[in-house]
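> take a look and give me a structure for this.
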Amino acid sequence: MEFFCPKPFDVNGGGILVRCQNWIGDAVIATASLRCIRRSFPDSRISVLAKPWVIPVLAHNPHIDEIIEYDAQGSHRGLRGMLRLARYLRGRRFQGAILLQRAFEAALIARLAGIPKRMGYTTDARGFLLTHKARSSREEFDVPRLEHDLSLLEGFGLDVGEKDPLIPIGREQQGRAEHCLSAFGMSVEDTLVGFSPGAVGSVLKRWYPERFGELAARIADAYRAKVLLFGSPDEQGLGEEIRRMASNPGVVNLAGRTSLEEAIALIGACGLFVTNDSGLMHVAAALDVPLVGVFGPTDPRRTAPWSKRYLLVRDEGVDCYGCKMRECRHEHKCMERITAERVFVAVKEMVGRYALEPARIRMRQLTVTGRTVPVVTAD
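This is a model prediction of the structure:
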């Protein structure tokens with residue numbers, strides 16, 4: 001990895017704008033970098049520029065002072081909206097920008113905002129827009145996203161220290177999660193197992209609904225657990241399909257029926273999480289929930305959960321394993337060969353290692369806070 005900069009990245013106590021990534025899982029990973037930035041610049045005001053749907057991941061983060069909403073579908077849409085956002089940021093007089101998001105647009109906005117020091121990778125042909133830039137080879141990208149982000153910061157002299165992501169739970173957020181359990185006929189005395197059967201970006205990352213259904217029924221019966229199906233409003237139908245296939249009253253479809261903040265708190269209350277390669281997988285890992293991941297076309301070198309308590313179920317025997325493709329030419333063999341029995345064996349192994357704690361005990365282990373980070377509308 002090569003680093004290029006004429007001067008140290010020193011903002012002299014001035015404000016720092018951090019451009020957060022656009023996906024939920026990447027935003028979770030970014031919280032490790034936010035910890036590093038706060039440690040390195042304790043006297044600076046740290047503002048995070050983020051799309052609306054990832055704000056709940058950052059809502060109670062102790063290492064940032066504010067979140068600036070980047071509404072690219074509304075007031076910041078198109079070139080005119082981008083210029084409006086840049087004009088607002090220019091008025092804030094930030095002294096430094098740290099671009100965790102790797103797109104050209106992120107660097108362009110920072111440059112238009114007149115931020116004098118701009119740090120980031122030279123991806124997407126944006127190197128000329130950066131003052132502090134790092135060039136990484138393709139092989140150097142084949143590491144966890146968290147490590148690659150921290151390598152950027154460390155290369156410019158920031159104090160990395162502790163690496164783990166952090167998602168604190170707000171007290172009101174936890175209360176809403178308990179209310180949600182009650183509304184669906186459950187309580188904190190129940191043992192909860194979470195499922196994330198969806199995956200944004202590629203349907204090839206999804207294990208099959210009928211196998212999720214079979215697995216859910218087996219877990220509900222074997223452990224007298226409630227199996228919660230999480231997902232976005234677009235995945236409500238998928239959750240309902242799995243619930244019907246499970247044909248078990250212990251399987252509850254919450255997809256599209258909770259906010260992301262409520263889903264985060266409920267995931268934290270789970271004793272186990274079973275998931276595709278998804279954003280919610282990274283949420284569970286950050287909350288230290290034991291998890292089983294079903295991996296097919298994605299490369300675990302980059303996207304495995306940052307956790308010490310997980311097992312991946314995958315089939316490396318196919319030639320195209322880890323292809324990262326959005327269209328499959330090989331009959332989806334990487335997922336087809338993963339049976340419900342194989343995943344249930346992994347579930348039993350994780351339960352044997354870590355037990356299956358009821359929601360009440362799990363909730364005591366979460367980091368709970370009364371602080372909510374203010375959200376600013378950039379007009």
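> longest helix in this protein, by residue count?
Ranked by number of residues, the top helix in the chain under DSSP state H is helix 24-40.
> other SSEs contacting that helix?
Helices and strands touching helix 24-40, by 3 or more C-beta pairs under 8 Å, 6 or more residues apart in numbering; DSSP states H and E, are strand 16-19, strand 46-50, helix 55-58, helix 145-155, helix 279-286. Every C-beta, even on glycine, is put in place using the N, C-alpha and C of the backbone.
> what's the mean pLDDT across the second one?
In other words, strand 46-50. Mean per-residue pLDDT for strand 46-50: 98.
> can you give me the angle it makes with helix 24-40?
Our comparison of strand 46-50 with helix 24-40, counting by axes from the mean of the first three to the mean of the last three C-alpha atoms, to 10 degrees, yields an angle of 170 degrees.
> in this structure, where is pLDDT below threshold?
The chain contains residues with pLDDT under 70 at 317-331.
> which residues of it fall in helices?
24-40, 55-58, 78-92, 104-112, 145-155, 171-183, 209-223, 236-246, 260-268, 279-286, 300-303, 333-336, 340-354, 359-364.
> closest to residue 2 out of the ones you listed?
Distance to residue 2, taken as C-beta to C-beta, is lowest for helix 145-155 among the helices of the chain, at 9.0 Å.
> just want the angle from the closest one to helix 279-286.
70 degrees.
> quick one on the thing from earlier: buried sites along the longest helix of the chain?
Of the residues in helix 24-40, 24-38, 40 count as buried by neighbour count, 16 or more other C-beta atoms under 10 Å.
> please apply the same query to stretch 72-82.
By neighbour count with 16+ other C-beta under 10 Å, stretch 72-82 contains the buried residues 72, 75, 76, 81, 82.
> most widely separated two among those residues?
Farthest pair in the buried residues of stretch 72-82 (C-beta to C-beta) is 75 and 82. Separation: 10.6 Å.
> could you give the number of residues near residue 370?
Residues near residue 370, counting by other C-beta atoms under 10 Å, number 9.
> ok, it - contacts?
For residue 370, the contact set (C-beta atoms under 8 Å, 6 or more residues apart in numbering) comprises 170, 171.
> same question for residue 363.
Each residue near residue 363 by C-beta under 8 Å, 6+ apart is listed here: 174, 188, 268, 269.
> for PyMOL, write the select line for the buried members of these.
This is how PyMOL selects the buried members of these, with burial counted by 16+ other C-beta under 10 Å:
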select buried, resi 174+188+268+269
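> how much space between the nearest residue to residue 85 once chain neighbours are set aside and residue 97?
Using C-beta to C-beta, 6 or more residues apart in numbering and skipping the chain neighbours, the partner closest in space to residue 85 is residue 76 (4.6 Å). Residue 76 is 16 Å from residue 97, where distance means C-beta to C-beta, to the nearest Å.
> compute the first-to-last residue distance for stretch 367-379.
This stretch, stretch 367-379, spans 33 Å end to end (C-alpha to C-alpha, to the nearest Å).
> likewise stretch 20-28?
10 Å.
> who touches it?
29-30, 48-51, 53-54, 57-58, 100-101, 145, 165, 167, 200-201, 260, 278-283, 285-286, 303.
> and with 6 Å instead?
Stretch 20-28 is contacted by residues 30, 48, 50-51, 54, 57, 100-101, 165, 279, 282-283, 286 when judged by C-beta atoms under 6 Å, 6 or more residues apart in numbering.
> need those residues in TSV (columns: distance to residue 307).
Shown next, in TSV, are the contacts of stretch 20-28 (distance: C-beta to C-beta, whole Å):
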residue	distance to residue 307
30	16
48	23
50	23
51	25
54	20
57	16
100	20
101	23
165	9
279	14
282	9
283	11
286	8
